[in-house]
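Undergrad: Build me a structure from this.
(2 chains)
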Amino acid sequence: MDHLSNLEAESIHIFREVAATFERPVMMYSVGKDSSVLLHLALKAFYPSLPPFPILHVDTSWKFREMITFRNQRMAELGVKSLVHRNEEAIAKGINVFNNDSSVHTHELKTVALRQALDMHKFDCAIGGARRDEERSRAKERIMSFRNQHHRWDPKRQRPELWHLYNTRIAPGESVRAFPISNWTELDIWQYVKRENIPVVPLYFAKERPTVIRDGQILMVDDDRMPLLPGEKPQMRMIRFRTLGCYPLTAAVESTAATIDEVVYETLSARTSERAGRMIDYDKPGSMEQKKIEGYF
Amino acid sequence: MQQITLDSQRSLLRFLTCGSVDDGKSTLIGRLLYDAQLIFEDQLRGIHIESQRKLGDVDALDLSLLVDGLQAEREQGITIDVAYRFFSTAKRRFIVADTPGHEQYTRNMATGASSADLAVLLVDARKGLLVQTHRHSCIASLLGIRHVVLAVNKMDLMEYSEDVFRTIEKQYREFAKQLNFTSITAIPMSALLGDNVFKHSTNMPWYQGLTFMSYLEEVNADTVHENEPFRMPVQWVNRPHQDFRGFSGTIAGGTVHVGDEIVVLPAGTRAVVQNIVEYKNERTQAGRGEAITLVLDREVDVSRGNVLSSVVSPASISDRVEAHVIWMHEQPVQAGKQMLCKLGTALIPAVITKIASKIDVNTMESLQTDSLAMNEIGVCVIQFESKIGHDTYLANRDMGGFIFIDRLSNETIAAGMIIRDASTTQNITWHKMDVDTAARASIKGQKPCVLWLTGLSGSGKSTIANLVERALWAEGKHTYILDGDNVRHGLSSDLGFKAEDRIENIRRVAEVSRLMTDAGLIIIVSLISPFQSERERARRTIKQGEFIEVYIDTPLEECERRDPKGLYKRARAGEIRGMTGLDAPYEAPEQPEMHVSTMQQSPEDSALNIVSWLRDQGYLNP
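TA: Next up, the predicted model:
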């Protein structure tokens, strides 16, 4: 078996363990490339059945418009059961990325929103598309990662996880985050997208888009909710995204890679990590770990 | 685009770094990535800033910060949990598990080692071989790692002395003779300064061997899986509609073809593979490691936890195995511990019935023991609640490796590797008899059963047992008493009072009771039998409806006041240890068939109540 087939088989195995051992699993779907691969793997794992769990998108209301269009189209095509959850309370309170610190925004609209959705539906396992190569605290995460009744991760007391034997036992109220693509790298994702011809949001491919530059990072002006600074004028630039999140918090890279082959090539020769474009990771050292402890996925 | 095609052909090497705390494992991985220019610029900037903050020096660069991803690790300067790091060179791709050296976190080292093909064992040149060096070697060897790099680190602090290096190498090779490694490669290095990590060291001209990186790129650590018989633990039954029923799982060994006959274990039923299904595709064959769905040619009972196996060389089926156990919980374990065992996709209640020995990791000697403390490795006999399909760990890791899960906390408390099938009945067939249990019982005018009297020493079990037997005898019933004290004069005269001996004693009494019920008798067992789990096992040994648990309930103070054999007095005086109720636990039955409270009724009344219960339930006049 080649490298990608090995990764694929491992991921399918994890999906099936979740389906067979939890009562109410859910798959988190964030519309990005990793979620696209995750969804494709879920379809493969249970074929000819459809995935035996719903697909949940935690929507901050600040995602790129193309992401939402893409999401709606994919869900309709596949006929899978899908859910969208927003922290309406926080949105009504006016918490947003421009008025608040990015960590407040992330906490309220992502972490708290996710916890709300899990509690509301009593999900006992949330499948996510996090990868160990993304960030050093994620490199420490188990494939089946235990969460207590308050959705908290205790990185100092993780369950030993040997071979492919996953301990999925929990008490009522506790839950597990399952990460089927833990061992994939960014390059694996792109090579697999290419091999399997998986649809991804067009924002991953280079195109002229309206942008501004702030603190050395290229931001895309996706809608008119983005307040422009005095003298600031959106300019068209040839850009693409390596990672997708909330548009005001996700920086683009200048690129001409407009096809999947060009994206794979660019990934091979990248000198910065994909999360360099994620401002929330750099709030302070260890900020991803802190978010994860609080229940961010 | 040439690189893209090349990329899929590069082989993968999974390795781990291990060894004692402070030997420089995380620094070595950091150095390797740094010198090979495999660190992203933004990540390097990040650790530059943190290094300056931590060390107060503008030029400082602490490479261990690349892998020590937890705040607590960076604060304490130690590794707590395994970190996985992915990188590739022009020749190969790598997944490295950087594992903790601290003894407290040995379980996390085992986690990293379980998926590795090669171990990089670090040794601090100043300190030489330490207990953790030995322990990690032992665990790596047991888990099936066959290739080791002995990375003698911090050579810069020993003036790059060849003598120091050679001495450590020699000592290690001597120690490792008792382990199952096929290759040991010793490399002198300084992870901090980069000597022999990525570049050849000019400080050690006496070393002519490969650098660490060249070794990793060139070593062949592939495991060969030739002629392995087919195995597939069933994970999930795939049933989208009435017309499709498939069994999904990952092939744990061998290959399977459409048309192959397979056997379902432990049931032993056979079927033929009709179809191998994958996403929008059908296959004619599939091999080890592939995640597939099989459709069989007939309706057979298959569920999660079963193993689909080759007919020619099927996996073993038994409920008893001998295994190496790495104990991972703070609370030491003794024989008798009830747990859940996950093996393949089966999750099954299991009990350690015997701890035969433990390994002294410094000398690799077997030591006698009756308990295992955290991080100790022992050889144990494990009894499963029912028969399951398995192989030895040596033959097939996925069919012979298991974990123990605590029934209350749900924590993973141990890992195990099957050494052999320990069932004693493997080659004995059951002799069928013409006169059966029912026939034997019918001429006695009774329904056979076992009255299992459990309770503290001095609770009145033997007295009540006697009275019950007299009453039944008077009615012309055929009975026998198995008394805890009496069986120890004969049947169990070779057993002592350690936990494992008590378990064995109860097993024997249960087996003899089973034979006697088969003969048509009504048995009265009078045995303290303090553990719920052991009584449950006895219940399973005996036919359904024939096991009647009777709880002789007398408070400890009363038992101690009566003290008919003077045992409590001797225990209080320190002459006897492990006295049930005093320094050993008694688990009262949760749902006994009968509850006899001796404080509320005389032994005579108790006996009469038991007999009338038997009559009501139809045991005396079927």
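Undergrad: Can you get me a residue count around residue 197?
TA: Since you didn't name a chain, this refers to chain A. Using other C-beta atoms under 10 Å in any protein chain shown, residue A:197 has 8 other residues around it. The way it works is simple: take the backbone N, C-alpha and C, and place the C-beta from them, glycine included.
Undergrad: not what I meant, chain B
TA: Residue B:197: 27 neighbours (other C-beta under 10 Å).
Undergrad: In a strand, it, correct?
TA: No. Membership of residue B:197 in a strand is not supported by DSSP: H, G, I helix; E, B strand; the rest coil, which gives coil.
Undergrad: Surely it and residue B:211 touch.
TA: Yes. Using C-beta atoms under 8 Å as the test, residue B:197 is close enough to residue B:211 to be in contact (6.6 Å).
Undergrad: Need the contact partners of stretch A:64-75.
TA: Under the contact criterion C-beta atoms under 8 Å, 6 or more residues apart in numbering or on different chains, stretch A:64-75 has outside partners A:29, A:31-32, A:39, A:55, A:57, A:59, A:82, A:199, A:201-203, A:220, A:222-223, A:244, A:247.
Undergrad: Show only the entries of those found in strands.
TA: With DSSP state E as the criterion, strands contain A:55, A:57, A:82, A:220 from among those.
Undergrad: Tell me the confidence at the first one?
TA: Looking at residue A:55, its pLDDT reads 96.
Undergrad: Count the neighbours of it for me.
TA: Considering only other C-beta under 10 Å, residue A:55 is surrounded by 23 other residues.
Undergrad: same deal with the one 5 residues further on?
TA: Close neighbours of residue A:60, defined as other C-beta under 10 Å, add up to 22.
Undergrad: Surely residue B:354 is within a helix?
TA: No. Residue B:354: not assigned to a helix; according to three-state DSSP it is strand.
Undergrad: end to end, how far does stretch A:132-146 reach?
TA: With C-alpha to C-alpha, to the nearest Å as the measure, stretch A:132-146 spans 16 Å from end to end.
Undergrad: Just give the nearest non-adjacent residue to residue A:79, would you?
TA: residue A:50 (6.9 Å; C-beta to C-beta, 6 or more residues apart in numbering or on different chains).
Undergrad: right, and the secondary structure at that neighbour would be what?
TA: Under three-state DSSP, residue A:50 falls in the coil class.
Undergrad: how about the strands in the stretch 101-250 of chain A?
TA: Along the stretch 101-250 of chain A, the segments classed as strands by DSSP state E, counting those that start in this stretch run A:125-127, A:144-147, A:175-178, A:207-214, A:217-220, A:235-240.
Undergrad: which regions of chain B sit below the pLDDT cut-off?
TA: Per-residue confidence of chain B (counting by pLDDT under 70) places the weak regions at B:1-9, B:424-434, B:622.
Undergrad: same thing but 50
TA: Within chain B, the stretches with pLDDT under 50 are B:1-6.
Undergrad: Tell me which residue is most central in it.
TA: Closest to where the C-alpha atoms of chain B average out (C-alpha atoms, centre = their mean) is residue B:416, at 3.1 Å.
Undergrad: who's in contact with that one?
TA: Contacts of residue B:416 (C-beta under 8 Å, 6+ apart): B:323-326, B:341, B:380, B:382, B:401-404.
Undergrad: for residue A:153, same thing?
TA: Contacts were defined as C-beta under 8 Å, 6+ apart; by that measure residue A:153 touches A:145-147, A:177, A:292-293, A:295.
Undergrad: what would the residues you listed look like in CSV with pLDDT?
TA: As requested, the contacts of residue A:153 are arranged in CSV below (pLDDT from 0 to 100):
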residue, pLDDT
A:145, 93
A:146, 93
A:147, 92
A:177, 95
A:292, 77
A:293, 78
A:295, 75
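Undergrad: ok, and which of the contacts of residue B:416 reach chain A?
TA: Checking those against chain A by C-beta under 8 Å from any C-beta of the partner chain, the ones in range are B:401-403.
Undergrad: Just give the nearest non-adjacent residue to whichever residue of the stretch 351-500 of chain B sits closest to chain A, would you?
TA: Chain A sits closest to residue B:410 of the stretch 351-500 of chain B, with a gap of 3.9 Å, by C-beta to the nearest C-beta. Computed as C-beta to C-beta, 6+ apart, the closest residue to residue B:410 that is not its neighbour in sequence is residue A:169, at 3.9 Å.
Undergrad: Residue A:127 versus that neighbour, what's the distance?
TA: 17 Å (C-beta to C-beta, to the nearest Å).
Undergrad: Neighbour count for these two, which is higher?
TA: Here residue A:169 and residue A:127 are compared on neighbour count by other C-beta under 10 Å; more neighbours surround residue A:127, at 29 against 21.
Undergrad: What spatial separation is found between that one and residue A:145?
TA: 11 Å.
Undergrad: Check residue B:527 too.
TA: From residue B:527 to residue A:145 the distance is 45 Å (C-beta to C-beta).
Undergrad: Next: residue A:231.
TA: Distance from residue A:231 to residue A:145, by C-beta to C-beta: 47 Å.
Undergrad: Output the longest helix belonging to the chain.
TA: In the absence of a named chain, this looks at chain A. Using DSSP state H, we find that the single longest helix of chain A is helix A:3-21.
Undergrad: if you could check chain B rather than the one you did, that'd help
TA: Chain B, longest helix under DSSP H: helix B:499-518.
Undergrad: contacts for it?
TA: Residues contacting helix B:499-518 (C-beta under 8 Å, 6+ apart): B:334-336, B:351, B:353-355, B:370, B:437, B:440, B:448-450, B:452, B:480, B:482, B:484, B:487-488, B:491-492, B:495, B:523, B:525, B:527, B:529-531, B:534-535, B:537-538, B:541-543, B:546.
Undergrad: ok, of those residues, which come out buried?
TA: B:335-336, B:351, B:353-355, B:437, B:440, B:448-450, B:452, B:482, B:484, B:487, B:492, B:495, B:523, B:525, B:527, B:529-531, B:534-535, B:537-538, B:541-542, B:546 (16 or more other C-beta atoms under 10 Å in any protein chain shown).
Undergrad: if we can go back for a sec, distance to chain B for the strands of the stretch 101-250 of chain A - can I get that in TSV?
TA: Output for the strands of the stretch 101-250 of chain A, formatted as TSV (distance: least, C-beta to the nearest C-beta, whole Å):
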stretch	distance to chain B
strand A:125-127	14
strand A:144-147	9
strand A:175-178	11
strand A:207-214	17
strand A:217-220	11
strand A:235-240	17
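Undergrad: Who are the contact partners of the nearest residue to residue B:35 once chain neighbours are set aside?
TA: Of all residues not flanking residue B:35 in the chain, residue B:198 sits nearest, at 3.5 Å (C-beta to C-beta, 6+ apart). Residue B:198 makes contact with B:31-32, B:35-36, B:211-213, according to C-beta under 8 Å, 6+ apart.
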